[in-house]
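J.: what's the 3D shape of this:
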Amino acid sequence: MQRPSFLQRGEDPLVALCHHFNLHPTTVDGVTVGPTFDMQVLRDAHMPTHVLAVVQPDWHTSSPPLMLPIDAARFAHGFRVELNLPSPLPGTPAPIPQTVTMNGAAGNDPHQVLIVRLPVVPITVPHVSSLPLLLLYGMGLETQHNLLAWSLLPVNVVEEFPNAAAMALILSRMRDDRFERTYRHNQGIWKNGLSLGLHENRILELVQTAWNVTAEARRIRQRAVSRT
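T.: Numbers count the residues shown, from 1 in each chain. Coordinates of the predicted model:
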């Protein structure tokens, strides 16, 4: 059975990644994280095996890691880098959701929720915020390449493919703040793909095309400034 596409529903890549594993996105309470991490379960089906605690080299030490669920087998199939997976204790079962009682907010009664306790795998990547999108495609959770292209470049730019010069020219006219976000994101996801050793050539080529177009768009913008 084909997986649903959460990106097609307009979800943010981080939310989509968690939803593929039937989880709520969960943030770290503080700066450090222990050997395991609890995430709230939406429904008891298709659980992840681990959770990545992701940082990047230039982050301030007070910045908490981004917690991203993965399936270790899917990750190994999609990326060449070997994760430092913690060795499970003998007889330890795969992560299984458990019901816990949570204290309610002020004036509310305690309530029960499903949580899953996942082994934590610390990892440093060049660009944290673009990693959820790369994981979605690297692990085969999302498969529609047009959705990936539209996540990297505006639709009117993608429509000019394969004319890279026209794509870069249109992208160069983007509003400054939006262009800078696009530049950082596309540079970051390209570096992440190289750092993690993305296996799927077609996805890597798509990401590389988006990055090449974005880099050329910046050169066009810089030439325009130098002429003024």
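J.: any chance you could map the strands in the chain?
T.: 36-40, 50-55, 66-70, 98-102, 111-124 (DSSP state E).
J.: strand partners (parallel or antiparallel) of the second one?
T.: Meaning strand 50-55. Sheet pairing for strand 50-55, assigned by DSSP bridges, gives strand 66-70 (antiparallel), strand 111-124 (parallel).
J.: contacts for the shortest one?
T.: Right, strand 66-70. With CB atoms under 8 Å, 6 or more residues apart in numbering as the test, strand 66-70 has contacts from 14, 17-18, 21, 23, 26-28, 33, 37, 39, 48-55, 118, 121, 128-129, 131-132, 135, 139. Where you see a C-beta, it was placed from the backbone N, CA and C, and this is true even at glycine.
J.: list the contacts of the residue lying closest to F6 once chain neighbours are set aside.
T.: Using CB to CB, 6 or more residues apart in numbering and skipping the chain neighbours, the partner closest in space to F6 is A16 (3.6 Å). Neighbour list for A16: 6-7, 132, 136, 141-142 [criterion: CB under 8 Å, 6+ apart].
J.: which one of the residues you listed has the most neighbours?
T.: Of all the contacts of A16, the highest neighbour tally under other CB atoms under 10 Å goes to E142, namely 25 neighbours.
J.: geometric centre of the chain: which residue is closest?
T.: P132 (0.5 Å; CA atoms, centre = their mean).
J.: chain neighbours aside, what residue packs nearest to that residue?
T.: Ranked by CB to CB, 6+ apart and with sequence neighbours excluded, the top spatial neighbour of P132 is P13, at 4.0 Å.
J.: for the one you found, give me its contacts.
T.: Contacts of P13 by CB under 8 Å, 6+ apart are 7, 132-133, 136, 151.
J.: and the contacts of A16, which is closest to F75?
T.: Proximity of those to F75 (CB to CB) peaks at L141, which lies at 10.8 Å.
J.: can you pull the contacts of that closest one?
T.: Counted by CB under 8 Å, 6+ apart, L141 has contacts 3, 16-17, 20, 74, 135.
J.: just L52 next, same as before
T.: Counted by CB under 8 Å, 6+ apart, L52 has contacts 66-70, 83, 120-123.
J.: and what of N22?
T.: 41-47.
J.: that older thread, want to throw the contacts of A16 into JSON lines with distance to L169 and pLDDT?
T.: Formatted as JSON lines, the contacts of A16 follow (distance: CB to CB, whole Å; pLDDT from 0 to 100):
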{"residue": "F6", "distance to L169": "33", "pLDDT": "95"}
{"residue": "L7", "distance to L169": "27", "pLDDT": "95"}
{"residue": "P132", "distance to L169": "30", "pLDDT": "98"}
{"residue": "L136", "distance to L169": "30", "pLDDT": "98"}
{"residue": "L141", "distance to L169": "34", "pLDDT": "97"}
{"residue": "E142", "distance to L169": "29", "pLDDT": "97"}
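J.: lovely, talk soon.
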